[in-house]
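Peer 1: using only what follows, build the 3D model:
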Amino acid sequence: MAQRVRGVIAPGKGEPVRIETVIVPDPGPGEAVVQVQACGVCHTDLHYREGGINDEFPFLLGHEAAGVVESVGEGVTDVAPGDFVILNWRAVCGQCRACRRGRPWYCFNTHNARQKMTLEDGTELSPALGIGAFADKTLVAAGQCTKVDPAASPAAAGLLGCGVMAGLGAAINTGGVTRGDSVAVIGCGGVGNAAVMGARLAGAAKVIAVDIDDTKLAVARQLGATHTVNSRSQDPVDAIRELTDGNGADVVIEAVGRPETYEQAFYARDLAGTVVLVGVPTPEMKLELPLLDVFGRGGALKSSWYGDCLPSRDFPMLIDLYLQGRLDLDAFVSETIALDGVEAAFDKMTKGEVLRSVVLL
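Peer 2: Numbers count the residues shown, from 1 in each chain. So this is what the prediction gives:
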């Protein structure tokens, strides 16, 4: 029987979000209903509200979440009612050319629940990233549920569902940071500071955090940065080179998503070094670089989407590290809020006052 739950809806472009009653159907084949326990407030949710993703309003917001499986549909075998899970927006298909070549983290045919959640009047909702977790319960594809150790805090665990995984993966998976490397991270919001943590976890010898906000740089220090650079007062390229014997960093992670900061990342890396773009640019942005410099500096220019993660591989491992005290996910939880606090949390996020506000349900 379909259930009536509370959910945070973005009704139209730029309009304030509001709580409405959402109808969640019983799970069909390959689907699961999850009782949401915690969901982080991510920039992506704000992009949905502002119409920056698409115009398929109304949206059911929220996607960075953890909770407990309540029920599953026919054919679901990987998770069962009662399992504690992190929700992900990359449910791999297992059949596309990337999956068949053994690279499921690049899956080109990820999928969501087939059924739609609706408002009481029957209006179909578009769940953010196929999840819609600013709600008491949500309907997802079972492949979007990754079972992890239930000893983990839901508020911390859910952050692996998007931003923290994006940053950790940019360093560990995409950037291939390894012991002894020098790493620079430009932009120290939630994703950038997760990249700092990932670089430290991977054994980097130097981790240089760059931002224009001293408060964020202080957090970066706490999470593993060995050096910090305030790019309001220092040229970041010169500073990174000075800290790396004049060479530049082995890996530079750009977590802002702007042409200016990407150019800084490009010139702040060592010869044959790697640039990783994990910041999300807007459609109108363009980048111009001398092609001779692209050729002459060698190395690799990479983009990192969701940290090139494979949830079934990465989430359980990272939660184990968290429970061992080796990965401080709690440090990213700036505050916990109620479901009606999402709009105010957007404002705090825009002002840079928080790493993550997390809705507890």
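Peer 1: show me what the worst-scoring helix or strand of the chain on mean pLDDT is packed against.
Peer 2: Lowest on mean pLDDT, DSSP states H and E among the helices and strands of the chain sits helix 43-49, with a mean of 93. On a contact count with 3 or more C-beta pairs under 8 Å, 6 or more residues apart in numbering; DSSP states H and E, helix 43-49 meets helix 342-350. C-beta: built from backbone N, CA, C; applies to glycine.
Peer 1: name the residues that touch the helix it packs on?
Peer 2: For helix 342-350, the external contacting residues (C-beta atoms under 8 Å, 6 or more residues apart in numbering) are 8, 16-17, 41, 43, 45-46, 49, 61-62, 134, 335, 337, 354, 357, 359.
Peer 1: got the CA coordinates for that helix in CSV?
Peer 2: In CSV, the C-alpha atoms belonging to helix 342-350 read as follows (Å, rounded to 0.1, in the frame of the first residue of the first chain):
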residue,chain,number,x,y,z
VAL,A,342,16.6,23.2,4.4
GLU,A,343,16.0,26.6,3.0
ALA,A,344,18.0,28.3,5.8
ALA,A,345,20.8,25.7,5.3
PHE,A,346,21.0,26.7,1.6
ASP,A,347,21.7,30.3,2.7
LYS,A,348,24.4,29.2,5.2
MET,A,349,26.0,27.0,2.5
THR,A,350,26.0,29.9,0.0
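Peer 1: partner strands of the following helix or strand past that helix, with direction?
Peer 2: Sequence-wise, the next helix or strand downstream of helix 342-350 (DSSP states H and E) is strand 357-360. According to DSSP bridges, strand 357-360 has the following sheet partners: strand 31-40 (antiparallel), strand 335-337 (parallel).
Peer 1: how about TSV for those, with distance to Leu223 added?
Peer 2: Below are those laid out as TSV (distance: least, C-beta to C-beta, whole Å):
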stretch	distance to Leu223
strand 31-40	17
strand 335-337	18
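Peer 1: pick the most buried one from the ones you listed.
Peer 2: Of the strands paired with strand 357-360, the one with the most neighbours on average (mean count of other C-beta atoms under 10 Å) is strand 31-40, at a mean of 26.
Peer 1: report the rounded mean pLDDT for it.
Peer 2: Averaging pLDDT along strand 31-40 gives 98.
Peer 1: with stretch 334-354 instead?
Peer 2: Computed over stretch 334-354, the average pLDDT equals 95.
Peer 1: how about stretch 106-126?
Peer 2: The average pLDDT within stretch 106-126 is 96.
Peer 1: identify the residue spatially nearest to Gln3, adjacent ones excluded.
Peer 2: Of all residues not flanking Gln3 in the chain, Val24 sits nearest, at 4.8 Å (C-beta to C-beta, 6 or more residues apart in numbering).
Peer 1: pretty sure that neighbour is in contact with Ala2, am I right?
Peer 2: Yes. If you go by C-beta atoms under 8 Å, Val24 and Ala2 touch, sitting 6.4 Å apart.
Peer 1: of those two, which one has the most company?
Peer 2: Neighbour tally, Val24 and Ala2, criterion other C-beta atoms under 10 Å: the higher count belongs to Val24, 23 against 12.
Peer 1: now do the contacts for the more buried one.
Peer 2: So Val24 contacts 2-5, 33, 117, 135, 137-139 (C-beta under 8 Å, 6+ apart).
Peer 1: again with Gly28
Peer 2: Neighbouring residues of Gly28 by C-beta under 8 Å, 6+ apart: 73-74, 113-115.
Peer 1: Thr282: neighbour count?
Peer 2: Look at Thr282: counted by other C-beta under 10 Å, it has 9 neighbours.
Peer 1: going forward, count from 339.
Peer 2: Yes, from this point I'll number from 339; that puts the last item at Thr620.
Peer 1: neighbour count for the contacts of Gly366 - can I get that in CSV?
Peer 2: Listed next are the contacts of Gly366 as CSV, based on neighbours: other C-beta atoms under 10 Å:
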residue, neighbour count
Gly411, 19
Glu412, 9
Ala451, 25
Arg452, 12
Gln453, 16
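Peer 1: helices of the stretch 489-638 of the chain, residue ranges please.
Peer 2: Along the stretch 489-638 of the chain, the segments classed as helices by DSSP state H, counting those that start in this stretch run 492-495, 501-507, 528-539, 552-561, 574-581, 597-606, 629-635.
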